[in-house]
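Peer 1: quick one: sequence and predicted model below, then my questions.
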Amino acid sequence: MLTIHPELRDELAAGRPVVALETAVLTHGLPHPHHLDAITRMSAAVRRAGAAPAVIAALDGHLCVGLDAAQLARLAAAPAARKLAARDLALALTERVDGGTTVSATLVAARLAGIRAFATGGIGGVHRGWQRRLDVSGDLLELARTPCVVVSAGAKSILDLPATLEALEALGVPVLGWRSARMPRFYSRGADDLKLPRVDDLERVAALCRLRWGALGQPGGVLLANPIAEEHALDDAALEAATLAAVERARAQQIHGAALTPFLLGALEAATGGRSVAANLALLEANAELAAQLAVHLAKAP
Ligand code: PSU
Ligand code: MN
């Protein structure tokens, strides 16, 4: 069932740094051909920082940790690839369907393989309008029970970010701001309304993880929020207006469930003339680099 690429098996057995990469961003998060470009750029960034990328997906009944080029190309070209969250995995594996794994499903694989660092763009969370219709991503619960650091540009700005932070608090997941005291807003760097404890040193983050997973006996994850670089960030006010319009359209068209996040990301691409996609690619690459640097620290003896 779990198929770990032989090279990664060696890396993991030797305790060398490995970074998990999800593939729902490939199958459902980005338009072609940027989707494949994103994984290529992230993998290269992980290698440059001295770690090994572990691209994770479900293929033909196997939960694969580390895809070769042919497997990646197949998944990228599969028009019927599913978007698989943690709860979908068992069904998808028994049906032998191919799918991109969301943060939650990728965390399941990371836990099984013993991978402690993970890079994505923005995690899922509590959707706007939860008061009318509850929609909470499985990413949150899986993060709460997996000993892994997820590096992301916060949670996606299409979400209700204050509610998402409250849910993470209730689930006991520390959220740390990388060289910033603000909760990033995915495509933008965030404002002063949502504060985070700031960390400036990856050795500090690694030490915090060791304490959590060791002496404190708290085997849950950590969210390291890495704001998008200034030069790639979108204007916060314009983004918020476009997001409100997209959320309203989704509601009118009765789009919900797993289709909602891809719909909203697509609507923002149209509203920003593609600038949101360029921002997404930039932040994915930056997060991969930071996750790899952290993996290097985690791999060192304390
Ligand atoms: N980061 C991105 N783009 C994405 C995602 C993350 O830059 O598309 C994906 C992740 O796979 C995440 C998912 O788990 O969006 C959240 O989907 P949902 O809201 O349906 O849980
Ligand atoms: Mn959902």
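Peer 2: Sure thing, it's come through. Ligands and ions are numbered 1, 2, ... in the order given.

Peer 1: check which helices and strands the top helix by length along the chain is in contact with.
Peer 2: Secondary structure assigned by DSSP state H gives helix 275-299 as the longest helix of the chain. Helix 275-299 makes packing contacts with strand 18-21, helix 34-48, strand 117-119, strand 149-152, helix 202-213, strand 222-225, helix 260-271 when contacts are defined by 3 or more CB pairs under 8 Å, 6 or more residues apart in numbering; DSSP states H and E. Placement of C-beta: from N, CA and C, glycine included.

Peer 1: quick check, pLDDT for the closest residue to ligand 1 within the stretch 151-300 of the chain.
Peer 2: Nearest to ligand 1, among the residues of the stretch 151-300 of the chain, is residue 261, at 3.8 Å (CB to the nearest ligand atom). The model reports residue 261 with a pLDDT of 96.

Peer 1: quick one: contacts for it?
Peer 2: Taking CB atoms under 8 Å, 6 or more residues apart in numbering, we find residue 261 in contact with 28, 29, 124, 137, 156, 158.

Peer 1: what subset of those residues is also close to ligand 1?
Peer 2: Contacts with ligand 1 within these, counted by CB under 6 Å from any ligand atom: 28, 29, 124, 137.

Peer 1: just the buried ones from these?
Peer 2: Buried by 16 or more other CB atoms under 10 Å: 28, 29, 124, 137, out of these.

Peer 1: now do the contacts for the second one.
Peer 2: Under the criterion of CB under 8 Å, 6+ apart, the contact partners of residue 29 comprise 35, 121, 261, 262, 265, 280.

Peer 1: change it to 10 Å
Peer 2: Applying CB atoms under 10 Å, 6 or more residues apart in numbering, we find residue 29 in contact with 22-23, 35, 38, 83, 100, 102, 120-122, 156, 261-262, 265-266, 277, 280, 284.

Peer 1: what do you get for the third one?
Peer 2: With contacts defined as CB under 10 Å, 6+ apart, the neighbours of residue 124 are 24, 85, 102-104, 135-140, 142-143, 155-156, 158-159, 164, 260-261.

Peer 1: switch to 7 Å and redo it
Peer 2: 102, 103, 137, 139, 156, 261 (CB atoms under 7 Å, 6 or more residues apart in numbering).

Peer 1: state the distance from residue 53 to residue 292.
Peer 2: Per CB to CB, to the nearest Å, residue 53 is found 8 Å from residue 292.

Peer 1: get me the contact residues on the stretch 1-150 of the chain for ligand 1.
Peer 2: Counting by CB under 6 Å from any ligand atom, the residues of the stretch 1-150 of the chain that sit close to ligand 1 are 22, 24-25, 28-29, 85, 102-103, 120-122, 124, 137-139.

Peer 1: hmm, try it at 5 Å
Peer 2: Residues of the stretch 1-150 of the chain lying near ligand 1 by CB under 5 Å from any ligand atom: 22, 24, 25, 29, 102, 103, 120, 121, 122, 124, 137, 139.

Peer 1: if we can go back for a sec, now do the shared contacts for residue 53 and residue 292.
Peer 2: 19, 46.

Peer 1: ok, now which ones touch the spatially most central residue of the chain?
Peer 2: Centroid-nearest residue in the chain: residue 120, 2.9 Å away (criterion: CA atoms, centre = their mean). For residue 120, the contacting residues are 22, 25, 103, 150, 152, 287, by CB under 7 Å, 6+ apart.

Peer 1: for residue 85, same thing?
Peer 2: Here residue 85 is in contact with 102, 104, 105, 138 (criterion: CB under 7 Å, 6+ apart).

Peer 1: got it, and residue 233?
Peer 2: 187, 188, 189, 279.
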